[in-house]
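**Q** I'd like to go over a predicted model; first the sequence, then the structure.
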Amino acid sequence: MAGLKQTIIRGGLESLYFSGAHLALRPFVGGVGAILTLHHVRPRRPGRFQPNHLLEVTPAFLTRVVRDLRRSGVDLISLDELYRSMSAGDFSRRFVCFTFDDGYRDTLQWAYPILKEAHVPFAVYVPTSFPDRLGELWWLVLEAVIHRNDRIGVTINGRDRKFDCRSVAEKRALYDELYWWLRSLPTEAEMRNTVRNLAAFYQVDTAAICSELCMTWAELSQLAADPLVTIGAHTVNHPMLAKLTRDAVRSEMDLSRAVIEAALSVRPEHLSYPYGDRGSAGLREFEVAAELGFKTAVTTRPGVLFPEHSRRLLALPRISLNGDYQRMRYVRVLLSGSATAMWNGFRRVEAA
């Protein structure tokens with residue numbers, strides 16, 4: 001199913017590019033700028049079972065994106081500059097912002113040198129439990145469980161079920177099934193407990209995954225010291241906020257900001273909602289972010305920015321640099337606004 005979806009999306013992007021439709025539509029749907037979403041930047045890993053490959057791009061691809069944007073004449077700006085432009089209604093020049101979610105170590109190791117050399121500002125949204133070494137990167141724990149075993153058991157809806165996962169195809173199908181089943185569970189606690197039980201039974205060290213992949217506070221301080229870098233809040237525990245109480249949502253946002261300020265002497269004014277889709281963050285979360293005084297907050301809802309977003313600065317869409325689509329023509333189509341306009345039914349703002 002995932003492979004079919006990728007094929008359909010890739011076909012759509014190819015059609016828009018080679019037909020020239022993305023250029024024809026750009027004056028009408030291109031907006032005033034865009035915010036790019038990244039997670040990992042690192043060399044391609046070996047192995048055919050990589051269900052989270054969509055979250056990583058190579059250093060070479062990031063370099064190509066930066067060079068292409070520079071040649072195109074768009075302004076590469078910080079979130080503070082975006083806030084000032086949007087608030088003032090200054091849309092004289094098209095802009096792009098780079099943002100990185102989760103604070104992975106490869107942001108420092110691979111992305112930072114590329115962006116620093118090119119003098120490109122960027123933001124890193126930090127879930128504070130990750131540098132505190134308490135973070136549960138459950139989607140990677142699930143990947144490790146399936147990768148290391150040929151057969152696993154899971155209790156689903158009160159029934160003990162067994163799954164064979166010897167082949168790569170079986171592993172991919174099982175990961176997709178379990179990932180979306182976990183995302184569908186009614187509470188964050190239920191999902192986390194299920195993954196903890198899997199990790200314990202199949203001897204996957206959750207803490208080791210966090211320690212290996214995520215920056216420490218000392219490493220984050222290296223980035224925070226550079227004026228090119230904006231440190232943003234990304235909650236404490238990286239939960240699906242829509243599944244929490246309002247008080248818990250407020251605590252996740254506010255406490256993460258306080259912890260970052262204590263650790264880095266920088267008070268975040270920008271926020272990223274974990275997961276960031278409609279099922280994880282909506283109107284209630286946007287309201288809480290406003291109550292807490294954040295300047296901007298980003299989702300993962302796909303889209304470019306329009307002048308109307310100046311009234312929706314706490315529900316901003318982004319364009320994902322997806323590891324499954326590492327070709328410059330796809331980036332050009334996405335930044336033209338044509339693909340996301342079709343995806344969004346040509347609605348400019350989706351803030352509910």
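**A** Noted; the coordinates are in hand.
**Q** A helix includes G11, no?
**A** Yes. Counting by DSSP: H, G, I helix; E, B strand; the rest coil, one finds G11 located in a helix.
**Q** list the contacts for the closest residue in space to V120 that isn't next to it in sequence?
**A** Leaving aside its chain neighbours, V120 sits nearest to L76 (4.8 Å; criterion: Cβ to Cβ, 6 or more residues apart in numbering). For every residue, glycine as well, the C-beta is placed using N, CA and C. Shown in contact with L76 (Cβ atoms under 8 Å, 6 or more residues apart in numbering): V66, L69, R70, F95, V96, C97, F98, A118, V120, P121.
**Q** same check, this time on E170
**A** E170 sits in contact with F163, D164, where contact means Cβ under 8 Å, 6+ apart.
**Q** Pop out the phi and psi values for it.
**A** Here is the backbone geometry of E170 (degrees, to the nearest 10): phi -70, psi -40.
**Q** So what's the gap between the biggest helix by length in the chain and the chain middle?
**A** The longest helix of the chain (DSSP state H) is helix 246-264. Here helix 246-264 is found 19 Å from its chain centre; the criterion is Cα atoms, centre = their mean, to the nearest Å.
**Q** Now tell me what touches that helix from outside.
**A** Under the criterion Cβ under 8 Å, 6+ apart, residues 126-128, 131-132, 217, 220-221, 224, 231, 233-237, 239, 241, 244, 266-268, 271, 284-285, 288-289, 291-292, 294 lie in contact with helix 246-264.
**Q** I'd like the average pLDDT over it.
**A** For helix 246-264, mean pLDDT is 98.
**Q** Stretch 129-138 now?
**A** 97.
**Q** Over to stretch 29-43?
**A** Mean predicted confidence for stretch 29-43 is 97.
**Q** Any idea how far apart the tips of it sit?
**A** 34 Å (Cα to Cα, to the nearest Å).
**Q** In it, which residues are buried?
**A** 29-42 (16 or more other Cβ atoms under 10 Å).
**Q** Narrow these to those in strands?
**A** G33, A34, I35, L36, T37, L38, H40, V41 (DSSP state E).
**Q** Which pair of the residues you listed spans the longest distance?
**A** G33 and H40 (24.1 Å; Cβ to Cβ).
**Q** show me where pLDDT drops low in the stretch 251-352 of the chain?
**A** 351-352 (pLDDT under 70).
**Q** so how many other residues sit close to V266?
**A** The tally of other residues near V266 (other Cβ atoms under 10 Å) stands at 17.
**Q** does it really touch D226, like I thought?
**A** No. Taking contacts as Cβ atoms under 8 Å, V266 lies outside contact range of D226: 11.4 Å.
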